[in-house]
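Engineer: I'll drop the sequence and a predicted model, then ask my questions.
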Amino acid sequence: MVAKSNLIVTTSWDDGTISDLKLAELLDKHGIEGTFYISRSSKHNLFQQEDMRVIDGKFEVGAHTMNHPDLTKLSSSRAEGEIKTSKTYLEDLLGHPVSLFCYPYGRYNKATKKIVQDCGFVGARTCEPGGFDLPEDPYQWHITLSASNGSPLMALRTWWKFRLWKISGLLDWESRAKLLFDLALERGGVYHIYGHSAEFEANNEWDRLERVLGYISNKEGVKYVTNGEVLGGGEITMKRTWTMRAYEVGAENEMFELDKVVSGEAMPNRERWMEGWRWMFVDNPAGNSIIWLAEHNGKLVGQYPLVMEDMKIGREIAKGSQIADTMTHPEYRRQGIASILGEKALSQLRKKKVFLAFGFPTPQVYPIHIKSGWFDVCPFQVMVKPLNLRNILRSHLSLNKLLLYILTVGGNLILKTLFRTKKPPQVNELMITRISHFDDRFDNLWERVSNDYSIIVARNKRYLNWRYIITPNIDYTVYAAEIRAEVYGYVVLGNYNDYEKKDLKIGCIYDIIAALGDEDVLHHLISKAIDYFKEEKVDAVFSQTVANRIYRKVLLKNGFVPYLRSKSRFIAYNASLSVPNEFLKDFKNWFIQLGDLPRVY
């Protein structure tokens, strides 16, 4: 079997018992990585300290408290003692950082999650069945399945969630593991199996475990990694073999080669890539980017670029920056490349009088940024308006024609009832006009609306033409809202090519703005966007924003619904002594649109 989509396999094993040594031998035999979460005391026979070092020599070790209590039943001080001491104990014993945690019995709450984060862990695993997605919250990372028949309820939840529809998949964990692996090969993502070696020993199930390990191992196109490598938290545990340097002219050729290794088949050709790179890093009207590179033996193995932005921050126009295309060569991960290059790049912000940085990290690198002084602002809210529900359902679900018809009719009825599109109110002399460039009137618009927003990329004529008109590789459609030739707002539309379901045609509202007092203008602009996408026969329209609640209100009026599967995080870094962290942490101060994201090549 060959993976049709990118698939990561990771395993984890809880408690720390003498039978973990046998489990480690089986993992090693089949070439499968594992993370062992060790509690100093458990109900089963214990490791000796030397046994822990043996495991640590070949696999990853995470903390699991000192005495394996239910943390949700402890006081805050006792829970902190269990969590913090288990980290210190293992680090002293093993001689290196321990960055991952697993909740005993899989039980946690908001308070225990915060304690785990405050104690310096970069992620924590639960025992809840999730799916194949990368963890949206690294401190609430669910598994794919449990290698056990001990919990019928968990088995039922997994069986139903993945629509396995075979009785063996419900009653037998070995069958369930194989069925889910076959499904993971099709879908891609993360296949995460966990269990307890003590159960394999007690139930005499070693043969079953070995059959599963043999079934999922040595598959072409599948990466076998530790939990830490999935989360990014294991990055600092390997010896550093590289050096770093600042970008110099010509290094973009090396950056292209690195991107080709990391992105694989998703890469455009060199000419198109270079055109987009020059647009982003050379032609940017806000000035030169900060780019730090890692190399080894003459080969580029990592990069950390910060793209400059002219921004309104508080009451003044100042420099800001944004993360763009941080990446590490697959063979050089777990060497601290992202965190060390990031520290170097961020240290230059204050010298260049850059006030802040912001970004939208992947789940893998999110923990690295948080450890480096970045902080959460809010989720990057996605709203979606389905235009062809039948195509959407057909793309996501395997249904016969009758069931597809029933769900389509029922779904459309619900959407029309609960998310009914409201006709925009009449605005005297308002015209929505398609434009080919941004003229001087948009500088006047920016002057008029900028006071409504506290933290925003400066949307003047120069920026807008660079961002949406001379952009290589992407075609945007722009409409302006005009009253007697004066511009009161605009909307930028385009196709969204990064959606996971390639058989769907997705339209996107990349940017939209008007004065907050011109809610009706916003309503007309979004209504025009919907009409445009209907003509283009798209299946759904996305809008992704951090903005005043008026924008969400107007989207709801136009029949948009919240997209609950959104996993994007919006984070920021304060590089200024004059801007309070509390100001940057308040999402109500920000105005960010999907068009503000940097990559177009």
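Structural biologist: Received it, and whenever you're ready, just let me know what you need.
Engineer: which residues touch stretch 486-497?
Structural biologist: 430, 435, 438, 441-442, 444-445, 468, 474-482, 505-515, 518, 521-522, 525-526, 528-529, 532-533, 538, 542, 595 (CB atoms under 8 Å, 6 or more residues apart in numbering). (Glycine included, C-beta is placed from N, CA and C.)
Engineer: Which of those fall within helices?
Structural biologist: Among the contacts of stretch 486-497, the members falling in helices (DSSP state H) are 441, 442, 444, 445, 521, 522, 525, 526, 528, 529, 532, 533.
Engineer: With residue 129 as the reference, measure out to the residue nearest to residue 465 when sequence neighbours are not counted.
Structural biologist: Closest residue in space to residue 465, ignoring its immediate chain neighbours: residue 438 at 5.1 Å, by CB to CB, 6 or more residues apart in numbering. Here residue 438 is placed at a distance of 50 Å from residue 129 (CB to CB, to the nearest Å).
Engineer: now residue 529
Structural biologist: From residue 529 over to residue 129 the distance is 39 Å, taken as CB to CB.
Engineer: shaky segments in the stretch 151-300 of the chain?
Structural biologist: Within the stretch 151-300 of the chain, the set of residues satisfying pLDDT under 70 comprises 151-155, 157-170, 232-241, 265-266.
Engineer: residues contacting the closest residue to residue 524 other than its chain neighbours?
Structural biologist: When the adjacent residues along the chain are set aside, residue 524 lies closest to residue 424, with 4.7 Å between them (CB to CB, 6+ apart). Contacts here follow CB under 8 Å, 6+ apart; on that basis residue 424 touches 520, 523, 524, 527.
Engineer: Could you verify my assumption that the last one touches residue 559?
Structural biologist: No: with contact defined as CB atoms under 8 Å, residue 527 does not count as touching residue 559 (9.8 Å).
Engineer: Burial check on residue 313, number of neighbours?
Structural biologist: The burial count assigned to residue 313 is 21, neighbours taken as other CB atoms under 10 Å.
Engineer: ok so, going back, which of the contacts of residue 424 are buried? Put it as a ChimeraX command.
Structural biologist: Selecting only the buried entries of the contacts of residue 424 in ChimeraX, with 16 or more other CB atoms under 10 Å as the criterion:
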select :520,523,524,527
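Engineer: how about the nearest residue to residue 386, chain neighbours excluded?
Structural biologist: residue 540 (5.1 Å).
Engineer: surely that neighbour meets residue 387?
Structural biologist: Yes: contact criterion CB under 8 Å: residue 540 and residue 387 qualify, at 6.0 Å.
Engineer: so where does the spatially most central residue of the chain fall, helix or strand?
Structural biologist: Per CA atoms, centre = their mean, the C-alpha nearest to the average position across the chain is that of residue 362, at 3.4 Å. Using DSSP states H and E, residue 362 falls within no helix or strand.
Engineer: Around the closest residue to it other than its chain neighbours, how many other residues sit close by?
Structural biologist: Nearest non-adjacent residue to residue 362, counting by CB to CB, 6+ apart: residue 134, 7.2 Å away. Residue 134 has 17 neighbours, counted by other CB under 10 Å.
Engineer: Ok, residue 400 next?
Structural biologist: 8.
Engineer: Likewise for the one 3 residues further on?
Structural biologist: Close neighbours of residue 403, defined as other CB under 10 Å, add up to 12.
Engineer: Look up which residues are beta-bridged to residue 356.
Structural biologist: residue 320, residue 574 (DSSP bridges).
Engineer: Where does pLDDT dip in the stretch 351-500 of the chain?
Structural biologist: In the stretch 351-500 of the chain (pLDDT under 70), the answer is 364, 497-500.
Engineer: now the helices for it?
Structural biologist: Ranges of helices within the stretch 351-500 of the chain are 366-371, 389-396, 401-418, 441-449, 461-464, based on DSSP state H, counting those that start in this stretch.
Engineer: Tell me which other helices or strands the fourth one touches.
Structural biologist: So that's helix 441-449. helix 461-464, strand 486-495, strand 506-514 (3 or more CB pairs under 8 Å, 6 or more residues apart in numbering; DSSP states H and E).
Engineer: repeat for the longest one
Structural biologist: In this structure, helix 401-418 makes packing contacts with helix 389-396, judged by 3+ CB pairs under 8 Å, 6+ apart.
Engineer: buried set for the helix it packs on?
Structural biologist: Result for helix 389-396 [16+ other CB under 10 Å]: buried residues 389, 390, 391, 392, 393, 394, 395.
Engineer: ok, back up a step: pull out the buried members of the contacts of stretch 486-497.
Structural biologist: Buried among the contacts of stretch 486-497 (16+ other CB under 10 Å): 430, 435, 438, 441-442, 445, 468, 476-482, 505-515, 518, 521-522, 525-526, 528-529, 532-533, 538, 542, 595.
Engineer: Could I get the full set of strands for the stretch 51-200 of the chain?
Structural biologist: For the stretch 51-200 of the chain, the strands defined by DSSP state E, counting those that start in this stretch occupy 60-63, 100-102, 123-129, 141-143, 145-146, 189-195.
Engineer: could I get those as TSV with mean neighbour count and distance to residue 419?
Structural biologist: Putting the strands of the stretch 51-200 of the chain into TSV (neighbours: other CB atoms under 10 Å; distance: least, CB to CB, whole Å) gives the following:
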stretch	mean neighbour count	distance to residue 419
strand 60-63	27	43
strand 100-102	29	40
strand 123-129	23	30
strand 141-143	23	29
strand 145-146	24	35
strand 189-195	23	29
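Engineer: Out of these, the one nearest residue 586 is which?
Structural biologist: With CB to CB, the closest approach to residue 586 among the strands of the stretch 51-200 of the chain belongs to strand 123-129: 26.1 Å.
Engineer: For the helices and strands packed on helix 441-449, give me TSV that also has distance to residue 333.
Structural biologist: As requested, these are exported to TSV (distance: least, CB to CB, whole Å):
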stretch	distance to residue 333
helix 461-464	35
strand 486-495	32
strand 506-514	31
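Engineer: Which among the ones you listed is found nearest to residue 70?
Structural biologist: For the helices and strands packed on helix 441-449, proximity to residue 70 was assessed by CB to CB; strand 506-514 is nearest, at 43.9 Å.
Engineer: Show me what the closest one packs onto, helices and strands only.
Structural biologist: Going by 3+ CB pairs under 8 Å, 6+ apart, strand 506-514 lies up against helix 441-449, strand 486-495, helix 519-535, strand 540-546, strand 590-593.
Engineer: How much space separates residue 446 from residue 460?
Structural biologist: For residue 446, the distance to residue 460 - CB to CB - is 5 Å.
Engineer: Kindly report the same for residue 343.
Structural biologist: To residue 460, residue 343 is 33 Å away according to CB to CB.
Engineer: Who has more neighbours out of the two?
Structural biologist: residue 460 (20 against 14).
Engineer: so the residue nearest to residue 322 when sequence neighbours are not counted is in which element?
Structural biologist: Closest residue to residue 322 apart from its sequence neighbours, by CB to CB, 6+ apart: residue 307 at 5.0 Å. Applying DSSP H and E as the criterion places residue 307 in strand 299-313.
Engineer: Buried residues, that strand. List them.
Structural biologist: 300-313.
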